[in-house]
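In: can't give you the sequence, but here's the structure:
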């Protein structure tokens, strides 16, 4: 099942990349990043079936980092929304020269 | 590889949950409404949790449901509703006839399988994951993960708590409303 799991992981990661590159809603871009993290977790678990439980330990670390990233990122989005009244990435161009 | 008991059933479910996760992920990136997208992402995470359980990572599967689908996605949905981005007219995109038929058929099939397996005269052995046996014969499923987590990776585990503390402080500071000055 290792090859299938890795293929599924790659497909999910690519879908996440497509979401990041094509969507304009900042919240959906964040959710696509979560999908990419999930794809990486899947390959960690698939390898842990062969090489021992260390992969599952790394999955726990990835989940923790994902939770922290979601909290901080959503706080940033809320802060941007207060200033600009939008979460559309096309309209957030304050640093454009 | 795969399970030594009922290998055909094992691979069938592996492909079933894999297809569900891919389909839900594609639906997730194509939905307009953020609420519908979040719901499809929850479906993906549940399918991935099922795959984790099938790949002998039961504890990770439970954590996937509790932390990802339960906590992180709730935070996302909370922000979507706080910013008033989910428009009610766009929420009704899965109410179609085919969506209901497929969802009902899939749910009934999985339920029927559970009922059949629990009532079957076959002797079902409790399959202990190889990881749990190799690392810690007494700790069981969680012991297999907790052993390396609290021995080799103890420093990283403690640093994780600092990361969470910083994230909490940062989220509070960033999300605080500016005082009138």
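Out: Done, it's in. On a predicted model such as this, the values are computed, not experimentally measured, just so you know.
In: pLDDT value on residue B:126, please?
Out: pLDDT recorded at residue B:126 is 53.
In: Show me what counts as buried in stretch A:72-92.
Out: A:72-81, A:86-87, A:92 (16 or more other C-beta atoms under 10 Å in any protein chain shown). For every residue, glycine as well, the C-beta is placed using N, CA and C.
In: let me redo that: stretch A:35-54
Out: A:35-49, A:52-54.
In: roughly how far out does it sit from the chain middle?
Out: 15 Å (C-alpha atoms, centre = their mean, to the nearest Å).
In: quick revisit: mind checking which of the buried residues of stretch A:35-54 are in helices?
Out: A:35-49, A:54 (DSSP state H).
In: Would you mind measuring from residue B:140 to residue B:150?
Out: Distance, residue B:140 to residue B:150, by C-beta to C-beta, to the nearest Å: 15 Å.
In: Mind checking which of the two has more residues around it?
Out: Neighbours were tallied for residue B:140 and for residue B:150 using other C-beta atoms under 10 Å in any protein chain shown; the higher tally belongs to residue B:140 (15 against 11).
In: can you tell me how far the more buried one sits from residue A:49?
Out: For residue B:140, the distance to residue A:49 equals 17 Å [C-beta to C-beta].
In: what do you get for residue B:70?
Out: Look at residue B:70 and residue A:49: by C-beta to C-beta, they are 25 Å apart.
In: Same check on residue B:173?
Out: 42 Å.
In: on contacts alone, who are the packing partners of the helix or strand hosting residue B:117?
Out: Using DSSP states H and E, residue B:117 maps to helix B:97-119. Helix B:97-119 sits against no helix or strand, with contacts defined as 3 or more C-beta pairs under 8 Å, 6 or more residues apart in numbering or on different chains; DSSP states H and E.
In: pLDDT below threshold where in chain B?
Out: Per-residue confidence of chain B (counting by pLDDT under 70) places the weak regions at B:1-6, B:86-95, B:121-139, B:178-181.
In: Could you break it into its assigned domains?
Out: Here the domain parsing of chain B from automatic domain parsing is B:3-130, B:132-181.
In: Spell out for me which residue occupies the centre of chain A.
Out: residue A:33 (1.8 Å; C-alpha atoms, centre = their mean).
In: Surely it is in contact with residue A:15?
Out: No. Between residue A:33 and residue A:15 there is no contact under C-beta atoms under 8 Å: 12.0 Å.
In: Quick one: neighbours of residue A:30, just the number.
Out: Residue neighbour count, defined by other C-beta under 10 Å, stands at 22 for residue A:30.
In: mind listing what it touches?
Out: Listed by C-beta atoms under 8 Å, 6 or more residues apart in numbering or on different chains, the contact set of residue A:30 reads A:70, A:73-74, A:77, B:76.
In: Could you list which residues are in contact with residue B:168?
Out: Going by C-beta under 8 Å, 6+ apart, residue B:168 touches residue A:71.
In: Of the contacts of residue A:30, which belong to helices?
Out: For the contacts of residue A:30, the ones inside helices are A:70, A:73-74, A:77, B:76, with DSSP H as the criterion.
In: Reformat those residues as CSV; add distance to residue B:114.
Out: Below are those laid out as CSV (distance: C-beta to C-beta, whole Å):
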residue, distance to residue B:114
A:70, 33
A:73, 38
A:74, 36
A:77, 40
B:76, 30
